[in-house]
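Novice: what's the 3D shape of this:
(one chain, ligands or ions: 1)
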Amino acid sequence: MIKQIRIIGIGMGDPRHLTGEAVEALRTVDVFLVADKGKRSADLVAARQAICAAAIPTERSYRFVEVTDPQRGPDAERSPAAYGQGVRDWHAARVDAYADVIAGLAPHEETVGFLVWGDPAFYDSTIRIVDALRDRIDVDHDVVPGISAPQLLAARHRVPLNRIGASIHVTTGRRLVEEYDPSLGDVVVMLDGHLACRGLADRYPEVELLWGAYLGSPDELLVRGPLATVIDEVARVRAAAREQHGWVMDTYLLRQPG
Ligand SMILES: C[S@@+](CC[C@H](N)C(=O)[O-])C[C@H]1O[C@@H](n2cnc3c(N)ncnc32)[C@H](O)[C@@H]1O
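Specialist: Now for the predicted structure:
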């Protein structure tokens, strides 16, 4: 019967990103729950299995359970309110699916793990989903941090994310153009399927763009330069990489020059 849920940040897919605390936590898990997201699912599950194989001694037994992810409608044509409601409905359906799997665990399966890409604190719903599960099931839980995309982006470009004493604003591609203002300080953009920063290039041509894709993998790509100067190069590199891999994950920093 379940006693504990562990939400473990695993970094960007390289086992060397695991913290010592994450390694210890992985070694206590009996059942890892992984969302089955259809087409890309095999890659996502394989990446997580490789991390566990690297971190968990072979004599320790554990298993993976793939939980079919509920269908999520198209986000692009939704208003912000409809988008928020769509995500909440999707989370509720996920909670139902996880609760069903947990109800069917064997008596000796006491510790359930969720392996979160990067860090659970950055644009990830696992903590919210586990909170909702805990409204239904009496179970302890903890959260183990991991290395996130913004941290890796900063490390690869060898910069801090902020200017001295200034703010860092983290946002999504969806919100960027509407809310961008130099007074925000340095701006980190995630979840941007369309390089929204292009929409700022006329107004802020000198803003520096520090872009990174597939961070932490052997396919890592980095581009840096003034926004108006490098945006076409980034778009070209990004499109070619997407064509080659079938998907792309990128994060970037916009910083004021000087
Ligand atoms: C759902 S969020 C998950 C973020 C994750 N929890 C973290 O701590 O970085 C997905 C976004 O993270 C960023 N991301 C994830 N993996 C990445 C990678 N390997 N390289 C660059 N960006 C990545 C992208 O902006 C992507 O759209």
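Novice: only C-alpha atoms for contact and neighbour calcs from this point on.
Specialist: Will do.
Novice: low pLDDT regions in this protein?
Specialist: 39-41, 72-78 (pLDDT under 70).
Novice: right, is the helix or strand harbouring V223 up against the ligand?
Specialist: For V223, the host element (DSSP states H and E) is strand 221-226. No. Using C-alpha under 6 Å from any ligand atom, strand 221-226 stays clear of the ligand, coming no nearer than 8.6 Å.
Novice: element containing the residue nearest to S125 when sequence neighbours are not counted, please.
Specialist: Distance criterion C-alpha to C-alpha, 6 or more residues apart in numbering; nearest residue to S125, sequence neighbours excluded, is H91 at 7.9 Å. Taking DSSP H and E as the criterion, H91 maps to helix 80-103.
Novice: picking up where we left off before, can you list the strands that the strand holding V223 pairs with?
Specialist: strand 208-213 (antiparallel) (DSSP bridges).
Novice: wait, does the partner strand contact the ligand?
Specialist: Yes. For strand 208-213 and the ligand, the contact criterion (C-alpha under 6 Å from any ligand atom) is met by G212, A213.
Novice: And the contacts of that strand?
Specialist: 153, 157, 220-227, 230, 234, 238, 248-257 (C-alpha atoms under 8 Å, 6 or more residues apart in numbering).
Novice: rerun that using 6 Å as the cut-off
Specialist: 220-227, 249-255 (C-alpha atoms under 6 Å, 6 or more residues apart in numbering).
Novice: do stretch 159-169 as well
Specialist: Residues contacting stretch 159-169 (C-alpha under 6 Å, 6+ apart): A154, G185, D186, V187.
Novice: same thing but 10 Å
Specialist: 150-151, 153-155, 180, 183-189, 210, 253-256 (C-alpha atoms under 10 Å, 6 or more residues apart in numbering).
Novice: Straight-line length of it, end to end?
Specialist: Stretch 159-169 has an end-to-end distance of 16 Å (C-alpha to C-alpha, to the nearest Å).
Novice: swap in stretch 234-254?
Specialist: Using C-alpha to C-alpha, the two ends of stretch 234-254 sit 14 Å apart.
Novice: residue contacts, the residue in the chain sticking out farthest from the centre?
Specialist: When distances are taken from the C-alpha mean of the chain, P107 lies farthest, 32.0 Å away, according to C-alpha atoms, centre = their mean. By C-alpha under 10 Å, 6+ apart, the residues touching P107 are M1, I2.
Novice: Now do the SS call for it.
Specialist: What DSSP: H, G, I helix; E, B strand; the rest coil gives for P107 is coil.
Novice: That one and K3, how far apart?
Specialist: 10 Å.
Novice: where along the protein do the strands fall?
Specialist: With DSSP state E, the ranges of strands along the chain come out as 4-9, 31-36, 63-68, 111-116, 140-144, 168-172, 186-190, 208-213, 221-226, 250-255.
Novice: okay, those strands in CSV with mean neighbour count next?
Specialist: Below are the strands of the chain laid out as CSV (neighbours: other C-alpha atoms under 10 Å):
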stretch, mean neighbour count
strand 4-9, 23
strand 31-36, 20
strand 63-68, 15
strand 111-116, 24
strand 140-144, 16
strand 168-172, 17
strand 186-190, 24
strand 208-213, 24
strand 221-226, 17
strand 250-255, 24
